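Peer 1: sequence and predicted model, in that order:
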Amino acid sequence: MSPDASAAEGTVAPAGGEHLDDVHALGARALDEAAAAADLAALEEVRNRYLGRGDGLISARLRGIGQLPDPEQRRQVGQTLKALRDRVEEAIEERRRGLERAAQAESMQAEAMDLTRPAPPLRRGHLHPVTRCARELRRIFGHLGYTAVSGPEIEYDRYNFELVNMPPGHPSRDVQETFWIDDARLLRTHTSPVQIRSMVELGAPLRVIIPGRTFRRDYDATHFPMFHQVEGLCVDEGIALSDLKGTLEYFARSMFGPDRAIRLRPHHFAYTEPSLEVDVSCMVCGGKGCGTCRQSGWIEILGSGMVHPNVLRNGGVDPERYSGFAFGMGIERIAQLAYGIEDGRLLFENDVRFIRQ
Ligand SMILES: [Zn+2]
């Protein structure tokens with residue numbers, strides 16, 4: 001009969017002379033299985049099989065000792081079983097440490113970094129065309145002595161409309177689709193409120209350009225709810241329309257090339273008098289006529305005019321002593337023309353492939 005038969009079935013050891021052999025065989029098997037456990041789960045199974053509190057093969061035998069008839073046999077078998085239990089426990093513990101070390105080594109290997117490997121090349125960032133254009137505008141007007149200033153994007157009705165000569169009920173308010181926050185506050189529809197703020201803060205004479213975000217409820221192929229404007233304001237004694245023309249000519253040539261010409265057309269804005277729209281000779285065809293300029297040879301780029309005396313007064317500047325001019329343009333439009341971007345929506349989609357070009 002195989003000495004393992006009873007053990008394998010998990011039964012209590014029968015009384016008889018072969019008890020010690022039986023115990024040794026059981027122990028040898030437990031130690032082999034512990035050493036061979038492939039992972040922590042298998043090892044836990046070995047522990048349960050032999051040392052499990054209820055029906056572990058060794059535990060059960062220990063409990064069955066009392067049924068042995070001979071006291072000397074009880075003592076011998078008992079001592080052997082206890083020593084065996086301790087050895088199996090030790091073996092399981094040792095195997096557990098071995099498995100854990102192996103797992104750790106494996107994960108270290110998996111996460112290992114080869115510090116001598118060359119790094120992948122870093123992608124260089126690119127400025128968004130709107131950012132680039134705003135910087136260029138600052139640079140160009142900086143040469144003419146203009147300082148860039150900024151103001152709040154959440155603005156009061158008073159600054160956005162009233163103080164720039166658009167009191168409640170003024171017809172120009174209708175064209176500006178306004179995002180209202182409450183009765184008194186809104187998202188600024190243009191950068192013009194900063195003209196008032198600059199005059200109040202800095203006083204005359206002054207030369208500022210005001211690049212910034214503006215907001216209107218408008219969305220189609222050529223209009224966006226958020227867009228960038230830059231406005232310029234020059235206030236001094238004896239400022240005349242010819243100063244405005246010279247300044248804008250310098251700007252057009254710096255931005256679009258030395259051969260550009262500008263032309264002024266009368267227009268109406270609430271905050272300037274007289275008001276002018278400004279065209280630049282087409283940078284694509286040079287004025288001969290093409291699709292970009294709709295065969296006219298001219299492209300509208302900005303609005304401008306002599307600052308209305310009311311606006312000067314609202315900024316705390318004496319219109320009897322000072323005069324000034326102002327101009328404003330959309331940065332997206334200037335960027336489109338300067339960099340030859342046909343679809344303005346590209347400027348807002350943040351497609352990295354486009355920005356990288
Ligand atoms: Zn053209």
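Peer 2: Cool, got the structure. Numbering: from 1, shown residues only.

Peer 1: strands of the stretch 101-250 of the chain, start to end?
Peer 2: Along the stretch 101-250 of the chain, the stretches classed as strands by DSSP state E, counting those that start in this stretch are 147-148, 154-156, 185-187, 206-215, 226-236.

Peer 1: need these in CSV (columns: mean pLDDT, mean neighbour count and distance to the ion).
Peer 2: C-beta here means a position set from N, CA and C on the backbone, and glycine is covered the same way. Formatted as CSV, the strands of the stretch 101-250 of the chain follow (pLDDT from 0 to 100; neighbours: other C-beta atoms under 10 Å; distance: least, C-beta to the ion, whole Å):
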stretch, mean pLDDT, mean neighbour count, distance to the ion
strand 147-148, 95, 16, 31
strand 154-156, 95, 18, 37
strand 185-187, 92, 19, 35
strand 206-215, 95, 22, 27
strand 226-236, 94, 22, 24
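
Peer 1: as CSV, these with distance to residue 105 would be great.
Peer 2: Shown next, in CSV, are the strands of the stretch 101-250 of the chain (distance: least, C-beta to C-beta, whole Å):
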stretch, distance to residue 105
strand 147-148, 60
strand 154-156, 59
strand 185-187, 60
strand 206-215, 56
strand 226-236, 55
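
Peer 1: compare the ones you listed and give me the one nearest residue 287.
Peer 2: Residue 287 sits nearest to strand 226-236 of all the strands of the stretch 101-250 of the chain, at 25.1 Å, using C-beta to C-beta.

Peer 1: coming back round to it: for residue 31, find the nearest of the strands of the stretch 101-250 of the chain.
Peer 2: Among those, strand 226-236 comes nearest to residue 31, with 75.3 Å by C-beta to C-beta.

Peer 1: buried residues, stretch 309-317. List them.
Peer 2: By neighbour count on 16 or more other C-beta atoms under 10 Å, the buried set for stretch 309-317 is 309-312, 314-315, 317.

Peer 1: using CSV, write out every CA atom in it.
Peer 2: What follows is stretch 309-317, C-alpha atoms only, in CSV (Å, rounded to 0.1, in the frame of the first residue of the first chain):
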residue,chain,number,x,y,z
PRO,A,309,-14.3,115.6,-29.4
ASN,A,310,-16.9,113.9,-27.2
VAL,A,311,-14.6,110.9,-26.8
LEU,A,312,-11.6,113.0,-26.0
ARG,A,313,-13.7,114.8,-23.4
ASN,A,314,-14.9,111.5,-21.9
GLY,A,315,-11.3,110.5,-21.5
GLY,A,316,-10.6,113.7,-19.6
VAL,A,317,-8.7,115.3,-22.6
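
Peer 1: residues in contact with it?
Peer 2: Outside stretch 309-317, the residues that touch it by C-beta atoms under 8 Å, 6 or more residues apart in numbering are 162-165, 195-196, 198-200, 203-204, 235, 271-273, 318-319, 322-324.
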